[in-house]
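Q: Sequence first, predicted model second:
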Amino acid sequence: MSDAAAPKRYPDSAILLHWLVLLLVVAAYACILLRTNFERGSDIREGLKAWHFTLGLSVLAATFLRIGLRVLVWKTPPITPPPPRMLHLLSIAAHLAIYAWLIAMPIAGWAVLSAEGDPIPFWGLNLPPLTSPDKALADQVKELHETSGTIGYFLLGLHAAAALFHHYFMKDDTLRRMLPSRVR
């Protein structure tokens, strides 16, 4: 593809999925944080936990869809003006870390529920367990899941800060390529 034919921004479907995944992640975080405001065993607390699980697994599904479309369909628009090579390599590493996190977190949550012997709710379905009940495994994976949740704040914050850095300091189109057309 020549530079003249290269797209200036991501396809609308890529933009939609990018922001949908963010919305799902924020909603999953909100559910698990809000649950602490309600008494253990209460319907609303249990409902927030169920929504956390469903939203987390939705993140997993949307992430796999994004990866598939990114590899098979979408063209990545070049950044204009092009960033220095080291910055580009850091960007690739950061995106790989975010994708790994978006996959690992829901799978860890699924593993926790499985090891606890709990149902795995997903939009009215109950998914099969990943492992047989095992309290020690559940505790270990739950600790990893919670620690990874904290890491997620930093990954997503770094991603947002990098987009703003590109926009305001590098003065390139990194951020504008992923904004909905009405916002740019």
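A: Arrived safely.

Q: okay, which residue is most central for this protein?
A: Residue closest to the mean C-alpha point of the chain, counted by CA atoms, centre = their mean, is residue 102 at 4.1 Å.

Q: List the contacts of that residue.
A: Contacts here follow CB atoms under 8 Å, 6 or more residues apart in numbering; on that basis residue 102 touches 21, 25, 59-60, 63. (Glycine included, C-beta is placed from N, CA and C.)

Q: helix/strand/coil for it?
A: helix (DSSP: H, G, I helix; E, B strand; the rest coil).

Q: re the thing from before, most surrounded residue in the contacts of residue 102?
A: For the contacts of residue 102, counting by other CB atoms under 10 Å, the largest number of neighbours falls to residue 59: 24 neighbours.

Q: hmm, which two among the contacts of residue 102 are most spread apart?
A: 25 and 60 (11.0 Å; CB to CB).

Q: still on that earlier bit, format the contacts of residue 102 as CSV; extra columns: distance to residue 14, secondary structure and pLDDT.
A: Formatted as CSV, the contacts of residue 102 follow (distance: CB to CB, whole Å; DSSP: H, G, I helix; E, B strand; the rest coil; pLDDT from 0 to 100):
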residue, distance to residue 14, secondary structure, pLDDT
21, 11, helix, 98
25, 17, helix, 98
59, 16, helix, 98
60, 18, helix, 98
63, 13, helix, 98
